[in-house]
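Asks: Sequence first, then the predicted structure:
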Amino acid sequence: MTHSHPARRSPLRALAGAAAVVVGLVLSGCTAGPDTGAVTAPPEVIGDVPEDLREFYAQEVTWEECEGDDFACATVKVPLDYSDPGRASIDLAMIRLDAPGDAQGSLLVNPGGPGVSGYNLVRDSAEFILSDRLRQSFDVVGFDPRGVNESSAVECLTDEERDEARAETLPPDATDAEALEILEADSAEYAQLCAERTGELLGHIDTVSAAKDMDILRAVVGDEQLNYLGFSYGTQLGAAYAGLFPGNVGRFVLDGAVDPSLSSAEITAGQVAAFDEALRNYVADCQSQSECPLPGDVDEGVAVVDELFESVEESPMTAADGRPVTIGTFFQGFVLPLYDSASWPALTAAIDQALQGDPSEFLRFADLGADRSPTGDYLTNSAAAFTAVTCLDYPMPADPGVMAEEAEALEASSAVFGEYLSYGALACKNWAYEPVNEPSPASAPGAPPMLVIGTTGDPATPYEWSLALAEQLESAVHVTWEGQGHTAYGRSGECIESLVDDFLIDGTVPDDGVRC
């Protein structure tokens with residue numbers, strides 16, 4: 001098919017979906033009650049830190065009952081700028097779910113993103129993602145990284161403005177040059193709003209700073225070493241921590257690994273290919289079921305999906321509630337169920353309805369991915385935080401010729417998805433702050449064994465990335481789950497669960513190369 005536009009997705013959302021792990025908002029029902037009161041990090045867990053950071057490491061933190069009887073919450077101060085720690089501080093929100101008995105320490109968890117709330121993960125989903133054995137052994141601690149949600153947060157758009165941005169579409173008769181001009185103007189306006197509404201914090205929402213924050217969190221909870229379970233982008237954050245503080249690494253599990261040596265363009269190319277493969281795997285599964293709306297062989301089924309995307313691109317649809325479903329929203333809604341093969345039946349039902357003119361299920365999926373409640377409130381700032389971190393972590397040349405060549409390669413890789421992940425560099429072209437990091441291989445010499453997990457059919461963090469990260473981390477071992485969807489622990493069954501739990505609880509290191 002042919003298109004007159006360089007990218008139908010607004011640059012306000014061009015980087016906001018595919019890399020973020022999807023965590024369902026469900027209620028936790030654990031029975032442990034929190035211990036509350038002031039806690040000061042003991043000297044032995046602080047370690048040898050610069051004098052101008054000691055006040056942060058030794059700060060008194062008060063845990064208070066929150067979110068029901070099962071949880072304790074605290075606010076931790078960290079430097080705004082680690083190059084000048086004494087000038088200003090920001091707040092990090094933490095939540096703790098205590099083990100029912102004596103815990104062997106804390107387990108810090110991060111669900112990915114960047115921009116996904118670890119606070120919400122522990123509050124809403126710990127019972128469903130973490131095994132009973134793990135929760136009985138550790139006090140589970142979640143936190144919102146700098147810039148995210150309950151912590152000192154990036155602010156860009158109001159809820160109403162977010163709805164408007166998600167409903168935007170380009171004029172149907174715009175030329176490539178006109179469309180590019182519109183998209184760049186939109187991204188510049190968005191960048192200006194983020195800078196105005198967030199202030200100086202916007203220049204310090206980077207992964208290295210967040211990794212340094214994690215060492216302060218380790219100290220204030222009283223752990224000499226950090227035990228950590230990171231998913232998706234959380235593996236990149238964990239690898240950064242291990243590189244900075246190899247001597248403070250406890251038991252690290254990095255699930256759905258990101259390869260930190262890749263450029264932004266290489267990450268996008270890998271994801272486009274992986275999502276295309278996930279689509280083909282889904283279509284094959286659908287066609288093995290009765291009443292699949294995608295007839296013929298896999299190529300023919302994918303062609304039906306491609307035609308559906310093209311029809312929405314040319315003529316945005318309207319959901320049952322009257323809200324518009326433009327191609328950007330439709331794309332976001334389509335890819336979300338590809339994160340978990342358990343959602344494939346729901347994707348089939350959504351496709352069937354959309355082919356009959358009703359895109360409501362795709363709007364519902366897109367709202368879930370955007371953290372929008374049924375009442376129209378956005379529950380987190382995940383999209384804004386994603387862009388803020390990405391623009392600081394990755395240099396992204398926005399040369400029109402280079403972007404056009406990349407877009408052509410992406411569409412060749414996936415006729416369905418390629419163009420909707422193109423031109424992402426526009427999101428950072430007019431950002432108020434220059435990148436402070438750049439891609440480089442992970443390295444943590446001297447760190448104890450770490451466990452890296454890759455899923456063969458992972459669309460968001462392709463399997464090859466996990467192999468690369470395990471190779472870069474000198475002490476890492478690699479475990480494979482032969483499955484479909486994003487990440488493994490919590491949804492892949494007993495094999496992976498036992499390996500992870502044995503490692504985190506008992507320190508049992510699996511053989512490198514184990515497959516489940």
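Replies: Cool, got the structure. Residues are numbered from 1 along each chain as shown.

Asks: Are we agreed that residue 165 is in a strand?
Replies: No - going by DSSP: H, G, I helix; E, B strand; the rest coil, the assignment for residue 165 is helix, not a strand.

Asks: What is the neighbour count of it?
Replies: 19 (other Cβ atoms under 10 Å). From N, CA and C alone the C-beta is placed, and that goes for glycine too.

Asks: Give me the pLDDT for it.
Replies: Here the pLDDT value assigned to residue 165 is 93.

Asks: Next: residue 443.
Replies: We have a pLDDT of 98 for residue 443.

Asks: quick one: the closest residue in space to it that isn't next to it in sequence and residue 217, what's the gap?
Replies: In space, and not counting its chain neighbours, residue 443 is closest to residue 243: 5.7 Å by Cβ to Cβ, 6 or more residues apart in numbering. Between residue 243 and residue 217 the computed distance is 17 Å (Cβ to Cβ, to the nearest Å).

Asks: Next, the buried residues of stretch 363-373.
Replies: 363-372 (16 or more other Cβ atoms under 10 Å).

Asks: Need the max-distance pair from these.
Replies: Farthest-apart pair in the buried residues of stretch 363-373 is 363 and 371; separation 14.2 Å (Cβ to Cβ).

Asks: Let me know the helix or strand that residue 223 is in.
Replies: Per DSSP states H and E, residue 223 falls between elements, in no helix or strand.

Asks: burial of it, as a residue count?
Replies: For residue 223, using other Cβ under 10 Å, the count is 20.

Asks: How about residue 511?
Replies: Applying other Cβ under 10 Å, I find that residue 511 has 9 neighbouring residues.

Asks: Which helix or strand contains the closest residue to it other than its chain neighbours?
Replies: Counting by Cβ to Cβ, 6+ apart, residue 511 lies nearest to residue 477, which is 7.2 Å off, once chain neighbours are set aside. Secondary structure from DSSP H and E places residue 477 in strand 476-484.

Asks: ditto for residue 227
Replies: strand 226-231.

Asks: and what of residue 308?
Replies: Since the elements are taken from DSSP H and E, residue 308 ends up inside helix 298-314.

Asks: Identify, from the buried residues of stretch 363-373, the entry nearest to residue 75.
Replies: residue 371 (21.7 Å).

Asks: wait, isn't the closest one in contact with residue 384?
Replies: No - checked against Cβ atoms under 8 Å, the pair residue 371 and residue 384 is beyond contact range at 11.0 Å.

Asks: tell me which helix or strand of this structure sits lowest on mean pLDDT?
Replies: strand 37-40 (a mean of 61; mean pLDDT, DSSP states H and E).

Asks: gap between whichever helix or strand comes after that one and the chain center?
Replies: Per DSSP H and E, the first helix or strand lying C-terminal to strand 37-40 is helix 43-46. Relative to the chain's own centre, helix 43-46 is displaced by 32 Å; criterion: Cα atoms, centre = their mean, to the nearest Å.

Asks: buried sites along helix 43-46?
Replies: For helix 43-46, by 16+ other Cβ under 10 Å, it's 45-46.

Asks: what does stretch 392-405 rub up against?
Replies: 6, 114, 180, 203-207, 263-265, 422-426, 428-429, 433, 435-439 (Cβ atoms under 8 Å, 6 or more residues apart in numbering).

Asks: I'd like the average pLDDT over that stretch.
Replies: Here the average pLDDT along stretch 392-405 is 94.

Asks: Now it - C-alpha only, PDB.
Replies: The C-alpha trace of stretch 392-405 is given here as PDB (Å, rounded to 0.1, in the frame of the first residue of the first chain):
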ATOM      1  CA  LEU A 392      18.000  12.400  27.800                       C
ATOM      2  CA  ASP A 393      19.200   8.900  27.300                       C
ATOM      3  CA  TYR A 394      19.500   8.800  23.500                       C
ATOM      4  CA  PRO A 395      21.000  11.200  21.000                       C
ATOM      5  CA  MET A 396      18.500  11.200  18.100                       C
ATOM      6  CA  PRO A 397      19.500  13.000  14.900                       C
ATOM      7  CA  ALA A 398      16.300  14.400  13.300                       C
ATOM      8  CA  ASP A 399      17.700  14.900   9.800                       C
ATOM      9  CA  PRO A 400      14.700  14.600   7.400                       C
ATOM     10  CA  GLY A 401      16.600  12.600   4.900                       C
ATOM     11  CA  VAL A 402      17.900  10.100   7.500                       C
ATOM     12  CA  MET A 403      14.400   9.800   9.100                       C
ATOM     13  CA  ALA A 404      12.900   9.100   5.600                       C
ATOM     14  CA  GLU A 405      15.500   6.400   5.000                       C
END
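
Asks: Identify each buried residue in it, please.
Replies: 392-394, 396, 398, 403.

Asks: so where do the strands sit in this protein?
Replies: Secondary structure of the chain (DSSP state E): strands located at 37-40, 60-66, 71-79, 89-97, 106-110, 139-143, 226-231, 249-255, 317-318, 324-325, 450-457, 476-484, 514-515.

Asks: Of the ones you listed, give the one that comes closest to residue 165.
Replies: Of all the strands of the chain, strand 324-325 comes closest under Cβ to Cβ, at 12.0 Å.

Asks: Partner strands of that closest one, with direction?
Replies: strand 317-318 (antiparallel) (DSSP bridges).

Asks: thinking again about what came up before, now what about the strand holding residue 477, what contacts it?
Replies: Contacts for strand 476-484 (Cβ under 8 Å, 6+ apart): 254, 278, 281-282, 341, 449-457, 463, 466-467, 469-470, 488, 492, 495-496, 499, 509-516.

Asks: got the angle for it vs strand 249-255?
Replies: Inter-element angle recorded for strand 476-484 and strand 249-255: 30 degrees (by axes from the mean of the first three to the mean of the last three Cα atoms, to 10 degrees).

Asks: Figure out which of the strands of the chain is closest to residue 199.
Replies: Closest among the strands of the chain, using Cβ to Cβ: strand 89-97, at 10.8 Å.

Asks: buried set for that closest one?
Replies: In strand 89-97, counting by 16+ other Cβ under 10 Å, buried: 89-90, 92-97.

Asks: and it, what does it pack onto?
Replies: Secondary-structure packing of strand 89-97 (3 or more Cβ pairs under 8 Å, 6 or more residues apart in numbering; DSSP states H and E): strand 71-79, helix 118-120, strand 139-143, helix 207-220.

Asks: Thanks again, I'm all set now.
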